[in-house]
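Engineer: Just to be clear, the model below is a prediction. Sequence and coordinates:
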Amino acid sequence: MIERWFGLSLGFFLAMGLLDARTGVASISLPKPSFDGKVSVEKAVKGRRTVRDFREKSLSLNHLSQLVWAGQGITDSSENKRAAPSAGALYPLDLYIVIGENSVEKMEGGIYRYLPKEHSLLPITKGDRRREIALASLSQMWMARAPVLFIITAEYRRITGKYGERGFRYALMEVGHVGQNLFLQAEALGLGAGIVGAFNDSEVSNISGLPPKHEPLLIMPVGYKK
């Protein structure tokens, strides 16, 4: 079907990272992010708070695009540099997004993996999994009211191959940078973000359909503040 629609080979989409080799699912392109916001860094830092109460209001696709770009997006295409610093530019982290039903315009409920180079989302599982993730997070049900949940994972072997045991520390440093980027971008968009580190790793991984080596480190619910 992909070949018929686009006139290109299946191998091309696999090589470009636009098609999942296991499921044969094509990724979803996102709008280009903005590089010139209306809120200063200083104002975003001053206004940032941890939010645990969200309005029942959906996000725009532009909101989602801007948030994933701030977390893991490419900021220098010539060198594939990302928004958050990474030891040795090895980038052991991945960003997964749990989207509720009718929570983001033009997006179905499900779990998606962000592909930085293509600035696109790869569908992983279908259906609204926010409640399941909240239950796996020691039943912190306030999380399920946020339109989206960002799950930041680490594949440690990408960085320990070069830095050994020290690579684990570097990955944990990096997840802090990504989390703060999401906090500040949410604030600049008029949104709010929460932060969750208490969850059952294996349950979150199973619900989210994570690859075996992608270990969840942090979950960040994002939406409109109440």
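Structural biologist: Arrived safely, thanks for sending.
Engineer: for the residue nearest to the spatial centre of the chain, what are its contacts?
Structural biologist: Among the residues of the chain, the one closest to the centroid is Leu95, at 3.3 Å (C-alpha atoms, centre = their mean). With contact set as C-beta atoms under 8 Å, 6 or more residues apart in numbering, Leu95 has these partners: 68, 71-72, 113-114, 150-153, 178. For glycine as for every other residue, the C-beta is placed from the backbone atoms N, C-alpha and C.
Engineer: Rebuild these as TSV, extending it with distance to Val204 and secondary structure.
Structural biologist: Listed next are those as TSV, based on distance: C-beta to C-beta, whole Å; DSSP: H, G, I helix; E, B strand; the rest coil:
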residue	distance to Val204	secondary structure
Val68	19	helix
Gly71	18	helix
Gln72	18	helix
Arg113	14	strand
Tyr114	17	strand
Phe150	12	strand
Ile151	7	strand
Ile152	11	strand
Thr153	9	strand
Val178	17	helix
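Engineer: can you redo those as TSV with neighbour count, distance to Lys226 and pLDDT?
Structural biologist: Putting these into TSV (neighbours: other C-beta atoms under 10 Å; distance: C-beta to C-beta, whole Å; pLDDT from 0 to 100) gives the following:
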residue	neighbour count	distance to Lys226	pLDDT
Val68	26	24	98
Gly71	25	23	98
Gln72	24	28	98
Arg113	22	29	98
Tyr114	23	27	98
Phe150	25	19	99
Ile151	25	23	99
Ile152	23	24	98
Thr153	24	29	98
Val178	24	25	98
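Engineer: I'd like the distance between Pro147 and Ile195.
Structural biologist: Using C-beta to C-beta, to the nearest Å, one obtains 16 Å as the distance from Pro147 to Ile195.
Engineer: out of those two, which sits in the busier spot?
Structural biologist: Neighbour comparison, Pro147 and Ile195: the larger count goes to Pro147, with 26 against 16 (by other C-beta atoms under 10 Å).
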